[in-house]
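Q: build me a structure from this.
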Amino acid sequence: MVMNCDWSKPSTSDLLRPAQNAHTYQDLVHTANKGRVEGGSQLAASWPRPPAYRYEILDLNSQIGNCIPLADIRIGTWVHDIECNPGQGAKLARAAGTFAKIMKEPAPQCLVRLPSGVEKLIDSRCRATIGIVSNPNHGARKLRKAGQSRWLGRRPIVRGVAMNPVDHPHGGGEGRTKGGRPSVSPWGKPTKAGFRAGVGKRRN
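A: Prediction:
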């Protein structure tokens, strides 16, 4: 007879915790050895079980995988799949291996630290899933060959200065030259950072 005992965790199996009943580990071993002769299954079924209310009641607000409002989540909990507006659906912390942390819970809004390090106030009625997104090593994997990048739908990146004038505004010329114009896309649109960024409102 094989006995798997773990006294540190509550269990509803036939093996009981010593703190909850009169049986000790030696008594269980003696009874199991005795049951090999007398019929272990019938003997184990006759062992008394403590009432269910004696077991530790798990906090539903701390179980991994539960999707509950931010107002019901404890401070310091790691969450993912966070809504920006109530009922909108998951928008934040959805990538593989990412998570956010509950920092502070004011009444109407909850302060959440996102994976980027930014702390954002979100409506406490928005829902989030407790835990971390699986596959944390997704960003650390290495592609074995160039073809594996093509399997993912990624095409090669070619610089404009390496093309011909018919293919790109930066193409052609002797040596590496862009023709004296700022960086543009193949269709002539400026592409440097800040081109599309709007001027923000001034803050005091």
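
Q: what number of residues lie near Thr77?
A: Using other C-beta atoms under 10 Å as the criterion, Thr77 is surrounded by 17 other residues. (C-beta placed from N, C-alpha, C; glycine too.)

Q: kindly report the same for the one 5 residues further on.
A: The burial metric for Ile82, expressed as a neighbour count using other C-beta under 10 Å, is 23.

Q: and the pLDDT at it?
A: At Ile82 the predicted local confidence, pLDDT, stands at 95.

Q: the one 3 residues further on too?
A: For Asn85, the pLDDT comes out at 93.

Q: contacting residues for it?
A: 123, 126 (C-beta atoms under 8 Å, 6 or more residues apart in numbering).

Q: just the element for it, please.
A: Element membership of Asn85, judged by DSSP states H and E, is empty: it is in no helix or strand.

Q: state the distance from it to Asp123.
A: Asn85 sits at a distance of 7 Å from Asp123 (criterion: C-beta to C-beta, to the nearest Å).

Q: now Arg181
A: If you measure Arg181 against Asp123 using C-beta to C-beta, the figure is 47 Å.

Q: residue contacts, the nearest residue to Pro165 once chain neighbours are set aside?
A: In this structure, Pro165 finds its nearest non-sequential neighbour in Gly172, 3.7 Å apart by C-beta to C-beta, 6 or more residues apart in numbering. By C-beta under 8 Å, 6+ apart, the contact set of Gly172 is 164-165, 179.

Q: ramachandran coordinates for Val161?
A: Main-chain torsions, Val161, degrees, to the nearest 10: phi -70, psi -10.

Q: what's the pLDDT at it?
A: Looking at Val161, its pLDDT is 91.

Q: ok, it to Ala146 distance?
A: 22 Å.

Q: all strands of the chain, in order?
A: Listed from the start of the chain, the chain has strands (DSSP state E) covering 67-69, 78-80, 82-83, 90-92, 100-104, 109-113, 119-123, 127-130.

Q: Gln88 - how many residues pack around it?
A: By other C-beta under 10 Å, neighbour count at Gln88 equals 11.

Q: which ones are touching it?
A: Neighbour list for Gln88: Cys126 [criterion: C-beta under 8 Å, 6+ apart].

Q: and it, how close does it get to Thr177?
A: Taken as C-beta to C-beta, the spacing of Gln88 relative to Thr177 amounts to 49 Å.

Q: have a look at Arg181 and Asp123 and say which one is more surrounded.
A: For the pair Arg181 and Asp123, the greater number of neighbours falls to Asp123 (16 against 10), based on other C-beta under 10 Å.

Q: list the beta-bridge partners for the more buried one.
A: On DSSP bridges, the residues paired with Asp123 through beta bridges are Gln109.

Q: outline the domain layout of this protein.
A: Taking the TED database as the domain assignment, the ranges for the chain are 66-130, 144-191.

Q: pick the most deeply packed of those domains.
A: Mean neighbour count (mean count of other C-beta atoms under 10 Å) peaks for domain 66-130 among the domains of the chain, with a mean of 16.

Q: quick one: end-to-end distance for that one.
A: Domain 66-130 has its terminal residues 6 Å apart, counting by C-alpha to C-alpha, to the nearest Å.

Q: swap in stretch 173-187?
A: Distance between the boundary residues of stretch 173-187 (C-alpha to C-alpha) amounts to 19 Å.
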